[in-house]
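J.: Provide a 3D model corresponding to the input given below.
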Amino acid sequence: MPDDPASAKPPARNVSSHSRREQLRRLAWSVVYHTLFRTSFHTFYRHRARLLRAFGARVGNNVRVRRTARIEMPWNLDLADGVSVGDEAILYAIGQIRIGARSFVSQYAHLCAATHDHTTDTYPLLRAPIAVGEDCWVAADAFVGPGVVVGDRSVVGARATVIKDVPPDVIVAGNPARVVKPRVFSRSGQ
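T.: Numbering: from 1, shown residues only. Predicted coordinates:
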C-alpha cells in the first residue's frame, strides 16, 4: 500500500540549506576566525576589519569589533562608520545584518538573522534580515530577533527581547520588549 500515510517515509530533516560553496566559505571563515581574528590583540580593530572585509563584510571607517565577538557568515554583514561591537556579542548573520553609523552592540547582545519555519515538519531555514539604525544602542545581553528593524536613535535595554520592529527615538525594555519612554537625543557639545 504505497499510498498509506502510516507507511510513508517522513521528510528529511536537518538537511543543510547551505550550498556547497557557502559551506566551504563558512569553513574558511571558521579557520581564519579562530586563528587570526580571536587571537588578535584586543585593540587591533583595523586588523579585524580587514579580515571581515576579506570575507565580504562591508565595514565602514573607525569600526570597533572586539576579538571575542562571534560572527557567522561575515559576507552578510554591513557595519557603517563608527559602529562598535562588544565582547561576546553574537552577530548570527545567516540573513543580512546592517548596523547603522555610530551604533553600539554591547557585550553578550545577540542579533539573530535566521529562524526556522515551524509550520512544516522539516523546519526549513528562513533568512530574515535585521537592520539597526543610526545612533542606536543594543545594550548588554539583549536579543534582536529575525526580521526586526530598530529605528534610528533608539535604545534596546539590557536583556530585552526584541521580536517586533522598534520605532525611532525610543527606549525599549523587557521580554517581550516594549517602549518604556521616548529617547531624548542630543549630540555632544550642543
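J.: Which helix runs longest in the chain?
T.: helix 20-32 (DSSP state H).
J.: Quick check: bridge partners of the residue nearest to residue 90 when sequence neighbours are not counted?
T.: Spatial nearest neighbour of residue 90, chain neighbours left out: residue 110 (4.3 Å); criterion: Cβ to Cβ, 6 or more residues apart in numbering. C-beta coordinates here come from the backbone N, C-alpha and C atoms, glycine included. For residue 110, the beta-bridge partners are residue 90, residue 143 (DSSP bridges).
J.: if I read this right, residue 110 contacts residue 89, doesn't it?
T.: Yes: at 7.3 Å, residue 110 counts as touching residue 89 under the criterion of Cβ atoms under 8 Å.
J.: contacts for the longest helix of the chain?
T.: Under the criterion Cβ atoms under 8 Å, 6 or more residues apart in numbering, residues 16, 18, 51, 54, 55, 72, 73, 74, 75 lie in contact with helix 20-32.
J.: which of those has the most neighbours?
T.: residue 74 (26 neighbours; other Cβ atoms under 10 Å).
J.: Dump the contacts of helix 20-32 into JSON lines; add secondary structure as well.
T.: Below are the contacts of helix 20-32 laid out as JSON lines (DSSP: H, G, I helix; E, B strand; the rest coil):
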{"residue": "16", "secondary structure": "coil"}
{"residue": "18", "secondary structure": "coil"}
{"residue": "51", "secondary structure": "helix"}
{"residue": "54", "secondary structure": "helix"}
{"residue": "55", "secondary structure": "coil"}
{"residue": "72", "secondary structure": "strand"}
{"residue": "73", "secondary structure": "coil"}
{"residue": "74", "secondary structure": "helix"}
{"residue": "75", "secondary structure": "helix"}
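J.: residue ranges of the helices in this protein, please?
T.: Counting by DSSP H, the helices of the chain are 20-32, 45-54.
J.: Identify whichever of those helices lies nearest to residue 103.
T.: helix 45-54 (15.5 Å; Cβ to Cβ).
J.: and that closest one, what does it pack onto?
T.: strand 58-59, strand 64-65 (3 or more Cβ pairs under 8 Å, 6 or more residues apart in numbering; DSSP states H and E).
J.: Residue 95 is in contact with residue 115, isn't it?
T.: No: if you go by Cβ under 8 Å, residue 95 and residue 115 don't touch, sitting 9.1 Å apart.
J.: what's the overlap in contacts for the two?
T.: 126, 128, 146.
J.: what does the model give residue 120 for pLDDT?
T.: Predicted confidence (pLDDT) for residue 120: 88.
J.: What of residue 188?
T.: 72.
J.: Pull the contacting residues for it.
T.: No contacts exist for residue 188 under Cβ under 8 Å, 6+ apart.
J.: Once you drop chain neighbours, what's closest to residue 45?
T.: residue 64 (4.7 Å).
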